[in-house]
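**Student:** Next input, structure requested:
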Amino acid sequence: MNASSLSFRGASVTAVIVVALTAVLAIGSLLPASSPIQISPFVITLAGKYLAYAMLALAVDLVWGFAGILTLGHAAFFALGGYAMGMYLVREIGARGVYGNADLPDFMVFLSWKSLPWYWWGSDHLPVALILMLVVPAALAALFGWLAFRSRVSGVYLSIITQALTYALMLAFFQNGFGFGGNNGLTDFKDILGFDLHSPYTRAGMLFLSALILAGALLASRYLVGGRFGRLLIAVRDAESRTRFLGYRPEQVKLLVWVFSAMIAAIGGALYVIQVGIINPGEFAPANSIEAVIWVAVGGRGTLSGAVLGAVLVNLGKTLFTAWLPEMWLYGLGALFMATTLFLPQGLMGLRQRFTPVRPSEVTPEVTDPEGGTA
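**Tutor:** From the prediction side, this is the model:
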């Protein structure tokens, strides 16, 4: 029994735990500064960032853990969602910017732009920004997935192509003429829907909202993979040729989960921008996608809850490790991935199998003789 055979019931428990712990942090941040249990704004920002990263990890787990697609480019969808929200937040600044221009963001005024590009139209309205946040990454994922899966590109070749996709986008967004702030990106956000982003109440509210959205994404993913479609995903992952022989279209199955995961990653990117306060081309870096794969591997591939756990724990470790030995962090991350692969191949969630018996009714049916095995 591998990690994907674990009970999906844990996703519901994880969702409840995430919301409960976040509620405690949010309430603690609103206590008086003199209180010994008051949570600092720095911790609230870190917690919000971890939840956004958990969304990215969940998206990676859906395509890697259940469809067998090792993606090294999901940071592209995360960053696109962040830029869509960043466009709205920049437009919200209005005349309060450095140059006092109510129509153009500061970086456009600095670059002597005379008017907004057509792709910025409507970005001063939150509903439009939310639509862009979902539609643009989904459209890119659909186009990329249709071309790749239809051509039956798989394995390491697909991983390399996904990495090339996010790298190409990173180079494009670094260009000042692209219209997204160049290497500086978008920052200096002030409010959202009239609420001051620096207010402790807004911070607490956004943190709790992030937890609710993550919980909703967890439950939606559990519903997706816990039924017939999930069993079909497992079959495509373990025996794609046999699944095609039975009359199914593996490329369509892959495309659906690929687009769905891209939208989850984009929502995570939007939540990240609101709470961290900046989005720049560095978020497209292939290294970010590789880190997301490590989060999933550490937490437990194909478990949903493990993706969330891995994202939070690894990034918490990164925060602590970079404070003590910043130059050693990448070596530590590499060592963690190697140790997980060698000694804990099913991740932290795989430990459950050793201590908690899994009931047959909780096991997801999967192919018992994957391609490449002996009949």
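**Student:** Quick check: which ranges of the chain have low pLDDT?
**Tutor:** 1-9, 353-375 (pLDDT under 70).
**Student:** just the strands in the stretch 251-375 of the chain please.
**Tutor:** Counting by DSSP state E, counting those that start in this stretch, the stretch 251-375 of the chain has strands at residues 278-279.
**Student:** Would you confirm that V293 contacts G65?
**Tutor:** No - counting by Cβ atoms under 8 Å, V293 stays clear of G65, with 10.5 Å between them. Yep, even glycine has a C-beta here, placed from its N, CA and C like the rest.
**Student:** Which of those two has more residues huddled nearby?
**Tutor:** Between V293 and G65, counting by other Cβ atoms under 10 Å, G65 is the more crowded of the two (28 against 21).
**Student:** and the gap between the closest residue to that one other than its chain neighbours and G350?
**Tutor:** Closest residue to G65 apart from its sequence neighbours, by Cβ to Cβ, 6 or more residues apart in numbering: G302 at 3.2 Å. Distance of G302 to G350, given as Cβ to Cβ, to the nearest Å: 10 Å.
**Student:** Looking at the two now, which is surrounded by more residues?
**Tutor:** Shown here are G302 and G350; by other Cβ under 10 Å, G302 has more neighbours (29 against 21).
**Student:** Count residues in the vicinity of L197, would you?
**Tutor:** Residues contacting L197 under the criterion other Cβ under 10 Å number 16.
**Student:** residues in contact with it?
**Tutor:** Residues near L197 by Cβ atoms under 8 Å, 6 or more residues apart in numbering: L89, F189, K190, D191, R203, M206, I274, G277.
**Student:** Now render those residues as a markdown table, adding secondary structure.
**Tutor:** As requested, those are arranged in a markdown table below (DSSP: H, G, I helix; E, B strand; the rest coil):
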| residue | secondary structure |
| --- | --- |
| L89 | helix |
| F189 | coil |
| K190 | coil |
| D191 | strand |
| R203 | helix |
| M206 | helix |
| I274 | helix |
| G277 | coil |
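**Student:** Is it possible to mark the buried ones in those?
**Tutor:** With neighbours counted using 16 or more other Cβ atoms under 10 Å, the contacts of L197 contain these buried positions: L89, F189, R203, M206, I274, G277.
**Student:** ok, of the contacts of L197, which one's closest to L25?
**Tutor:** Closest approach between the contacts of L197 and L25, by Cβ to Cβ: R203, at 10.2 Å.
**Student:** which stretches of the protein form helices?
**Tutor:** According to DSSP state H, the chain carries its helices in the segments 9-29, 41-61, 75-93, 106-110, 126-150, 155-173, 200-225, 228-238, 240-245, 250-276, 286-299, 305-324, 329-343, 351-355.
**Student:** Would you reformat the ones you listed as TSV and include distance to S35?
**Tutor:** Formatted as TSV, the helices of the chain follow (distance: least, Cβ to Cβ, whole Å):
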stretch	distance to S35
helix 9-29	8
helix 41-61	14
helix 75-93	31
helix 106-110	38
helix 126-150	34
helix 155-173	42
helix 200-225	13
helix 228-238	46
helix 240-245	57
helix 250-276	23
helix 286-299	33
helix 305-324	23
helix 329-343	33
helix 351-355	37
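**Student:** Figure out which of those is closest to G100.
**Tutor:** When these are compared by Cβ to Cβ, helix 106-110 sits nearest G100, at 8.9 Å.
**Student:** Of all the residues in the closest one, which ones are buried?
**Tutor:** Neighbour counts using 16+ other Cβ under 10 Å place D106, F107, M108, V109 of helix 106-110 among the buried residues.
**Student:** CA atoms only for that helix, dumped as CSV, please.
**Tutor:** Written as CSV, here are the backbone C-alpha positions of helix 106-110 (Å, rounded to 0.1, in the frame of the first residue of the first chain):
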residue,chain,number,x,y,z
ASP,A,106,4.0,54.7,-10.3
PHE,A,107,6.3,52.5,-12.4
MET,A,108,4.4,53.4,-15.5
VAL,A,109,4.7,57.1,-14.8
PHE,A,110,8.4,56.6,-14.1
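**Student:** Packing partners of that helix?
**Tutor:** Using 3 or more Cβ pairs under 8 Å, 6 or more residues apart in numbering; DSSP states H and E as the contact test, no helix or strand touches helix 106-110.
**Student:** How about R244: what's its closest non-neighbour residue?
**Tutor:** Here the residue nearest R244, using Cβ to Cβ, 6+ apart, is P250, at 5.5 Å.
**Student:** Might one say that that neighbour is in contact with D238?
**Tutor:** No - using Cβ under 8 Å as the test, P250 is too far from D238 to be in contact (11.3 Å).
**Student:** So what's the residue count around F245?
**Tutor:** F245: 9 surrounding residues under other Cβ under 10 Å.
**Student:** my bad, N184
**Tutor:** With neighbours defined by other Cβ under 10 Å, the count for N184 comes to 16.
**Student:** Verify the contact between it and F107 for me.
**Tutor:** Yes - between N184 and F107 there is a contact under Cβ under 8 Å: 6.7 Å.
**Student:** Which residues are in contact with the residue positioned nearest the centre of the chain?
**Tutor:** With distances taken as Cα atoms, centre = their mean, the residue of the chain nearest its centroid is L56 (1.3 Å). With contact set as Cβ under 8 Å, 6+ apart, L56 has these partners: H74, A75, F78, A265, G268, G269, A292, A311.
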